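K.L.:
Can you look at this prediction? I've put the sequence above it.
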Amino acid sequence: MAKTQDFTAIMKDMMGAFPVDTTAMENAFKSTASLNEKLSGVALEAAEKSAEISNKWTKETLAKLTEMSKAKTEPADYAKAATDFASASAEVAAENLAAFAEIAKKVQTETVELLMAAGKDAAEETTAAVKKATNEVTAAAKKATAAK
């Protein structure tokens, strides 16, 4: 009776000649997780500062509204109070919008810096992984050639 050839050993040898290195994937995952953590930190810090500005703006507006809503003795005083409120509100709005713009600028700068650093790191990791893979394939090819 004919014996069937056992391909298990052949497949083991073949797969062993071209090993799969998972460290590159693990490093990529770690790098991505680290980048996401840093980007989240930037976003959360911006959200916190924005909330602080909004809260302060609201408190200032309510304080000015309280002052404006007080009873006046002369009708002209109501017009003056409304004008003062509008003027003060416009001034505070300009200040707060400038503060929001500063936050946005900081977020943009930090994000670009993080992405540039991540791109540089990824390029370095990719270069190292390709170099390592090339060396391993070359060694495996030499080993296979020498075995003939």
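P.N.:
Received, thanks. Numbering: from 1, shown residues only.

K.L.:
Distance check, Asn96 against Ala146.
P.N.:
74 Å (CB to CB, to the nearest Å). C-betas here are computed from N, CA, C, even on glycine.

K.L.:
In this protein, where is pLDDT below threshold?
P.N.:
Along the chain, segments meeting pLDDT under 70 span 1-2, 17-21, 147-148.

K.L.:
quick one: the longest helix seen in it to chain centroid distance?
P.N.:
Secondary structure of the chain read by DSSP state H shows that its longest helix is helix 75-147. With CA atoms, centre = their mean, to the nearest Å as the basis, helix 75-147 stands 6 Å off its chain's centre.

K.L.:
name the helices or strands packed onto it?
P.N.:
For helix 75-147, the elements it packs on are helix 7-17, helix 23-68, judged by 3 or more CB pairs under 8 Å, 6 or more residues apart in numbering; DSSP states H and E.

K.L.:
Which one's more surrounded, Asn96 and Ala146?
P.N.:
Asn96 (16 against 7; other CB atoms under 10 Å).

K.L.:
Quick one: neighbours of Asp77, just the number.
P.N.:
Asp77: 12 neighbours (other CB under 10 Å).

K.L.:
Distance-wise, check it relative to Lys70.
P.N.:
Separation of Asp77 from Lys70 (CB to CB): 9 Å.

K.L.:
Also Ile10?
P.N.:
94 Å.

K.L.:
On the three-state scheme, Lys3 is what?
P.N.:
With DSSP: H, G, I helix; E, B strand; the rest coil as the basis, Lys3 sits in coil.

K.L.:
burial count for it?
P.N.:
5.

K.L.:
List the contacts of the residue nearest to the spatial centre of the chain.
P.N.:
Nearest to the mean C-alpha position of the chain, by CA atoms, centre = their mean, lies Leu39 at 2.4 Å. Taking CB atoms under 8 Å, 6 or more residues apart in numbering, we find Leu39 in contact with Thr111, Leu114.
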